[in-house]
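# Pasting the sequence and the predicted model now:
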Amino acid sequence: MRTKQAPTTETLVSRWLNSHCDEIGMVQFHIRELAREIQRDRRTIGRTLVILKASERIVEYRLQRGQRLIRLRLQPPAQQGGMDHEVPLQTRIRELEQMTGCNALLLPLIEQFAATEQTLADIDRELCWGGLEPKERDALRKTRAQQTTILMRLLKEIEQHTTSKINEQADSIPLGRLADPATFAREALGVTLYPHQVEFCNAPHRVVIMMAGRGAGKSMAARVFALYTACRKSNHTVLVVSSGVRMCSEFGKRMLDLLDSSDLKKFVTESGAERITLRNKSRIIFLPAKAATIRGYHPCKSDETTGSLSVILDEACYMEQGEEIRAAVEYAMITTEKDQGRMAIVSSPSSVHSWVYPLFRDGQEKRDDIISFQWPSTVNPEIREEEIERLRRSRTELEFRAEVMAEWVEGSHSLFAGLIDPMIVPHAAQQLGEGEMATLGADLALSYDDSHDASALAVLARYGVSMEAEENLPWPYVQSEEETQLRYRVIDVVRLTRADTNEIHREAARLVERYGIAHAAVEQYQGKSLADYLTALGVQTELIAPTAATQQIIFNTLYNLFRRKEIEIPLDVSETLISELKAFQYRREATGRFSFGHPEGSRTVHDDTVYALAWALYAHLNLAGTPVSPPPEIAFF
C-alpha cells in the first residue's frame, strides 16, 4: 500500500543529484539553481552536502563562488566514519572503472582522474587547517585551481570516449536504486511497501501467487513488481493481463499516475493506455484476459540481448479463460531463462473450482518452483478494525471469509449456498406424478468446444396454485409462507456436448412426447431453430433474451424456491445439475446489476443445466400468468 511521507532535504538533494548526473556520476550546478528547484534555502542545502560528503556518498569540488562539481559515489566505501581523502587511490580507480563500463582504453584517463581527485582532496584537507601562513594558503588555492582545471579536462575526455555501455547505464535508473524492490519503491517511486508486499516482490520463484483480501495492497505490489522488473532488466517485456477491459485500463492509469508522481518519468520514452516503454528498451504492456492476444507476445531480441518476458495476471481467479491464458503464458515464456522472467498471479480468492486453486495448493507446498502467499485485508495497518467488523456484520459469512480473510471457501459467492443438499430426494425421477404439469427449458451451446459450452435441456414439473405477490420488492426478495403454494420437481435433465441440430431436435422431441410438454422456453442465442421445431410439434415456445434484468428476476425466483424448500431434485436425475447448482455464482457489477454464471476460469464446472432449469421455470411463470418484468430495486445480500 502506498504511504505518502514528506521527503527530507537530504532525500530531495539526493534525488536531484541522481537525476542530473552524467554517465560517470558527475554533476555541475550552482547552489542557487538547486535551492530553487527543490524549494529549500541555500544554507540548509550546504549543510546537507556536508552530510553527504561526510558519509562518503559524494565527492565535492567548489569551482567558483556558488558553483559546485560533485561526483556521486557508486557505493559508500566499506570503512566507516572516514573522510573521502582516506579512501585508497586504487579504490577510486576501481570505482571509476565500474562506472565507465570497465573500458580498458579509458584506464589511463581514469588513473589520472583519480590521482587528481586525490590531490584535490589533500589540498582541501590542508586548507581546512588553521595554521597556514597567508602565502601558503594562496599557493594552495592556486594549485587547487590548476588541479581543478586538469580534473575538468580529464572529465571531458572521459565523457568523449564513453562506451555504449555507459550510454546504456545513463538510460537506466540512477545508481543505487535497484538493490531490491523495497529500495526501488522508496527511492524511485516514493512508496513504502509493507512487509508482505516486499516478500511478494522478492520471491525468486518462477511462479509467484498472491491471494489477498480487499485493500491488502496487492495492486500496488503488482505495480511495483512490474516497474522494478522492467527497470532492472534491459529489453524486458512485462505483460500485465487483467480480468476485464475496465480493470486493464484502470491498472494502466494507476501505473501512469505512479510514474508521473516520481522522477522515473524522465526514463519513459512512450506512455499510454496500452503500453509504457522505458529508455532501456523495456516495455510494460496492458492486455485484457484473452489467450489469443498473449500468444502474439514473445521476448524482444536485439543485438545486445536475447530479451526476456514476465507476466502479471491481475485478478486471475476471475478470468473466463484462465487455463488457456496460463498455457499461453507458459508457451510465451518458454525462451526466457528461469531466473530472467516470472509469472505473478495476483487476485482475491474465488471458488475452489477456480483454475488458480490447484496452483495455489502447489505453491503452499513449494512444488515445481511455485510459491503462494495468502494475506487477509488486516495486513494493511491503514484498514481500521471497526471497518473489518462492519463488513463482518453486513456480509454473509462465506463472502466475508473470501473477500476479507482471503480464504478459499466453497460457495463464497454461490447463489444457492447451503440450499441444494436439503432438496435432494431419494425417489426416482423421469416420471410425472398425479396433477403435475411439465415444461421444457433449453440452453444451447454457442460453440462445439465441450470444455466451455454444452447444450442442456431440463424438464420441470409443477403442481399447486400461486398467490399474488406485492410489487416493488427488493432483490432477492424472500417470500412469505402465504405467498405461494406451488411446488416444483426436476424430472429430467439432458446435457449434450458437441451435439448438432438434429441430435438436439431428437432429444427435445423425446422429452415432449414422454412428459406431454405443451410449454417451453428457449434461450434465443442459437435457439431459434429449436424454437421453430418445438412450435411445429405443437409446443407453445418462447425465445428468451437473457438480459441482466431477466436473469435477475428468474434467479431470484429460483433462489426463493430452494430457500422455501419448494423444489425437489431427485437423486438420480443428474449429478451434473447438482454440482452446477452448488457452484453457480452471482456477482454485483459496477452498474449495480447482478451477473450470474459458473465460477470464472473454471474448466470443470459449468452452468448449462442451471440455465436450462431457469428457462423451464420461466415457462411455468408464463403459463401461470406471472409476468417476468424488470427486476425491483436491488438489496444486496
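Right, received. Where do you want to start? In this text the structure is predicted, and so the values were computed from the model without any measurement. Numbers count the residues shown, from 1 in each chain.
# Let me see the contact set for the closest residue to residue 143 other than its chain neighbours.
In space, residue 143 comes closest to residue 123 once its chain neighbours are excluded; the distance is 6.3 Å by Cβ to Cβ, 6 or more residues apart in numbering. For every residue, glycine as well, the C-beta is placed using N, CA and C. Contacts for residue 123 (Cβ atoms under 8 Å, 6 or more residues apart in numbering) come out as 140, 143, 144, 147.
# helices or strands up against the helix or strand containing residue 47?
Element membership of residue 47, judged by DSSP states H and E, is helix 42-54. On a contact count with 3 or more Cβ pairs under 8 Å, 6 or more residues apart in numbering; DSSP states H and E, helix 42-54 meets helix 9-20, helix 31-38, strand 58-62.
# Show me the one of those that comes nearest residue 528.
Taking Cβ to Cβ, helix 9-20 is the member of these nearest to residue 528, at 64.6 Å.
# Residues contacting that closest one, please?
Contacts for helix 9-20 (Cβ under 8 Å, 6+ apart): 7, 27, 29, 34, 37-38, 40, 44-45, 48-49, 51-52, 57-58, 70, 72, 174-177, 187, 263, 266.
# Of the residues you listed, select the buried ones using a PyMOL command.
Only the buried entries of these go into this PyMOL selection, using 16 or more other Cβ atoms under 10 Å:
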select buried, resi 27+29+34+38+40+45+48+49+52+57+58+70+72+174+175+176+177+187+263
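# and for stretch 527-543, what are the contacting residues?
Contacts for stretch 527-543 (Cβ under 8 Å, 6+ apart): 440, 442, 444, 501, 504-505, 508-509, 512, 517-524, 544, 618-619, 622.
# Narrow the residues you listed to those that are buried.
Using 16+ other Cβ under 10 Å, the buried ones in the contacts of stretch 527-543 are 440, 442, 444, 504-505, 508, 512, 517-523, 544, 618-619, 622.
# Inside helices: which ones of those residues?
Using DSSP state H, the members of these that fall within helices are 504, 505, 508, 512, 618, 619, 622.
# Pull the contacting residues for the fourth one.
Contact partners of residue 512, counting by Cβ under 8 Å, 6+ apart, are 440, 520, 534, 537, 539.
# what's the farthest-apart pair in those residues?
Among the contacts of residue 512, 440 and 537 lie farthest apart (Cβ to Cβ), at 10.6 Å.
# and residue 284, backbone torsions?
phi -120, psi 120 (degrees, to the nearest 10).
# go on, the one 10 residues further on?
Note on residue 294: its backbone torsions stand at phi -70, psi -30 [degrees, to the nearest 10].
# State whether it and residue 333 are indeed in contact, as I suppose.
No. Residue 294 is beyond contact range of residue 333, at 10.2 Å (criterion: Cβ atoms under 8 Å).
# what touches both of the two?
residue 311.
# residues near the nearest residue to residue 245 once chain neighbours are set aside, how many?
Leaving aside its chain neighbours, residue 245 sits nearest to residue 288 (4.9 Å; criterion: Cβ to Cβ, 6+ apart). Neighbourhood size, residue 288 [other Cβ atoms under 10 Å]: 15.
# Neighbours of residue 463, how many?
15.
# Residue 618: what's it in contact with?
441, 521, 542, 544, 554, 628.
# The same query, at a cut-off of 7 Å, please.
441, 521, 544, 554, 628 (Cβ atoms under 7 Å, 6 or more residues apart in numbering).
# how much space between it and residue 544?
6 Å (Cβ to Cβ, to the nearest Å).
# Nearest to residue 575, out of the helices and strands packed on helix 42-54?
Here helix 9-20 is closest among these (Cβ to Cβ), at 63.3 Å.
# What angle do helix 31-38 and that closest one make with each other?
Counting by axes from the mean of the first three to the mean of the last three Cα atoms, to 10 degrees, helix 9-20 lies at 100 degrees to helix 31-38.
# List the buried residues in helix 9-20.
Those buried within helix 9-20 under the rule 16+ other Cβ under 10 Å are 9, 10, 11, 12, 13, 14, 15, 16, 17, 18, 20.
# Can you tell me which of those lies closest to residue 380?
Nearest to residue 380 among the buried residues of helix 9-20, with distances taken as Cβ to Cβ, is residue 11, at 24.5 Å.
# So the residue nearest to residue 267 when sequence neighbours are not counted versus residue 235, what's the distance?
Once flanking residues are discounted, residue 267 sits nearest to residue 279: 5.0 Å by Cβ to Cβ, 6+ apart. According to Cβ to Cβ, residue 279 stands 11 Å off from residue 235.
# Ok, residue 263 next?
23 Å.
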